[in-house]
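Undergrad: let's see this in three dimensions:
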Amino acid sequence: MVEEAKFLYIETYGCQMNDYDSSRIRAALNLEVVDDPRDADVVIINTCSIRDKADHKAFSSVGRLKRLKRNNPLVILGVGGCAAQLYGEKLLERNPHLDLVFGTRNIPMLPKLISELRRERRVETSFDVEDIFEVEPYHEQGRVTGYVSVQQGCNKKCTYCIVPSVRGEEVNRPTDKIIREASNLVNKGARELTLIGQTVNSWKYNGERFSDLLRRAAEIEGLLRLRFTTSYPRDLTKKLIETIRNTKEVCHHIHLPVQSGSDRILSAMARTYTTVWYLEAVDRLRDAVPDMALSTDIIVGFPGETAEDFDDTMKLIEQVQFDGIFSFKYSARHGTPAAELRNAVPDEAASTRLRELQELQREITLKKNQARVGVVEEVLVEGESKNSPELVSGRTSQNRIVNFNGKLELKGEIAKVKIVKAFQNSLRGQLN
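TA: Numbers count the residues shown, from 1 in each chain. Coordinates of the predicted model:
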């Protein structure tokens with residue numbers, strides 16, 4: 001008789017969608033989670049493939065598991081997520097110590113696959129499409145925040161992006177299932193939810209649009225705040241802006257990836273908008289919601305990017321004054337149209353541009369944080385501060401981290417906090 005698995009170790013790379021998927025893996029397997037893979041019966045590496053560096057990190061972790069398998073042949077080693085979907089059985093060829101490779105839509109199948117492996121000890125691969133959202137995420141007791149996926153996959157055709165290949169075409173989740181999962185998380189203690197999707201604001205279902213979904217979710221009893229990410233600029237509609245303005249639960253922060261400030265590069269990326277259109281959209285948003293915080297993604301060193309193209313990006317950053325930027329050097333992904341482009345930007349030039357961009361953004365972010373000193377902010381308290389056990393920590397509606405003096409009894413509540421000091425990545429406050 002084969003003893004059932006009891007302990008799970010899971011390692012996660014990538015975006016909020018991967019964090020969400022890891023919570024679903026944990027819920028599907030219903031095993032006790034351990035902090036050391038040596039204590040686990042099942043070890044899962046949940047991978048990302050959005051950039052080459054993410055691949056390397058995941059594969060490095062997979063390689064380190066070889067010794068674990070040698071010391072404990074009964075442990076089941078699995079790889080899931082985007083890199084698993086992208087490379088499939090090649091992962092097994094490169095890593096014969098693996099037992100299981102599964103795709104991004106196969107989480108509901110995991111209990112069955114693990115059970116079979118425990119009995120038969122045979123290598124498994126699974127890329128069959130199941131009911132993508134069948135398993136709801138695990139929610140840790142006492143956690144104030146949570147994620148709810150509203151869609152899987154992407155229909156955009158950005159030339160640099162691997163997501164459509166590893167996540168598939170866009171599948172929008174039914175409204176009632178989204179609201180049910182969100183309500184369940186609130187009943188388990190979540191006070192702030194983030195609706196997530198590859199292009200979350202393009203969600204639609206049975207005649208409803210994303211603005212309708214926001215209003216429905218905001219009505220959930222006990223929910224204090226509602227966020228969403230990641231948004232596609234072209235789907236920032238007038239109706240969505242009005243909903244953000246008129247729905248108090250919706251936070252005043254939006255992540256709106258621009259990717260480049262050069263129209264020539266945006267066209268090569270197939271981003272479907274110009275910088276003028278993007279700037280006008282930002283103006284519409286800020287006119288409606290003056291305290292709106294805005295973050296973005298930018299890729300430097302896209303094939304063919306000239307010094308003039310990069311200067312255009314820097315000018316756009318100066319003009320918009322983003323609250324934060326996630327910036328990366330272009331990473332060619334096999335199978336994407338951009339991987340076939342010539343005129344690669346030398347790595348040294350791309351690295352220099354990235355440093356310049358990040359330095360400019362650090363100056364802007366610090367200046368914006370310093371402008372909050374003396375202001376009383378509403379902070380949703382998430383728990384003990386990472387900086388000091390004497391402080392608690394939370395976020396403003398604009399997604400700024402605030403550490404302040406307060407008791408843990410405030411966790412899950414919105415506290416009024418006067419900002420007394422600004423740092424690069426956080427604010428310090430006093431309970432008002």
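Undergrad: show me where the chain dips below the pLDDT cut-off.
TA: Within the chain, the set of residues satisfying pLDDT under 70 comprises 1-3, 122-124, 126-132.
Undergrad: quick one: the helices in the stretch 201-350 of the chain?
TA: 210-218, 238-246, 263-269, 275-288, 307-320, 347-370 (DSSP state H, counting those that start in this stretch).
Undergrad: any chance of those in JSON lines, plus mean neighbour count and distance to residue 329?
TA: Heads up, the C-betas are built off the backbone N, CA and C, glycines and all. Output for the helices of the stretch 201-350 of the chain, formatted as JSON lines (neighbours: other C-beta atoms under 10 Å; distance: least, C-beta to C-beta, whole Å):
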{"stretch": "helix 210-218", "mean neighbour count": "20", "distance to residue 329": "31"}
{"stretch": "helix 238-246", "mean neighbour count": "16", "distance to residue 329": "31"}
{"stretch": "helix 263-269", "mean neighbour count": "19", "distance to residue 329": "14"}
{"stretch": "helix 275-288", "mean neighbour count": "16", "distance to residue 329": "21"}
{"stretch": "helix 307-320", "mean neighbour count": "17", "distance to residue 329": "12"}
{"stretch": "helix 347-370", "mean neighbour count": "15", "distance to residue 329": "5"}
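Undergrad: could you pull out the strands for the stretch 1-150 of the chain?
TA: 7-12, 32-33, 42-47, 76-81, 100-102, 124-126, 145-149 (DSSP state E, counting those that start in this stretch).
Undergrad: how about those strands in CSV, adding distance to residue 368 and mean neighbour count?
TA: Output for the strands of the stretch 1-150 of the chain, formatted as CSV (distance: least, C-beta to C-beta, whole Å; neighbours: other C-beta atoms under 10 Å):
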stretch, distance to residue 368, mean neighbour count
strand 7-12, 30, 20
strand 32-33, 38, 14
strand 42-47, 34, 27
strand 76-81, 34, 25
strand 100-102, 42, 25
strand 124-126, 46, 18
strand 145-149, 23, 23
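Undergrad: any chance of JSON lines for those, columns distance to residue 356?
TA: Shown next, in JSON lines, are these (distance: least, C-beta to C-beta, whole Å):
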{"stretch": "strand 7-12", "distance to residue 356": "31"}
{"stretch": "strand 32-33", "distance to residue 356": "42"}
{"stretch": "strand 42-47", "distance to residue 356": "31"}
{"stretch": "strand 76-81", "distance to residue 356": "33"}
{"stretch": "strand 100-102", "distance to residue 356": "40"}
{"stretch": "strand 124-126", "distance to residue 356": "44"}
{"stretch": "strand 145-149", "distance to residue 356": "34"}
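Undergrad: quick one on the thing from earlier: same list (the helices of the stretch 201-350 of the chain) but as TSV, adding distance to residue 78.
TA: Below are the helices of the stretch 201-350 of the chain laid out as TSV (distance: least, C-beta to C-beta, whole Å):
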stretch	distance to residue 78
helix 210-218	33
helix 238-246	39
helix 263-269	34
helix 275-288	41
helix 307-320	40
helix 347-370	34
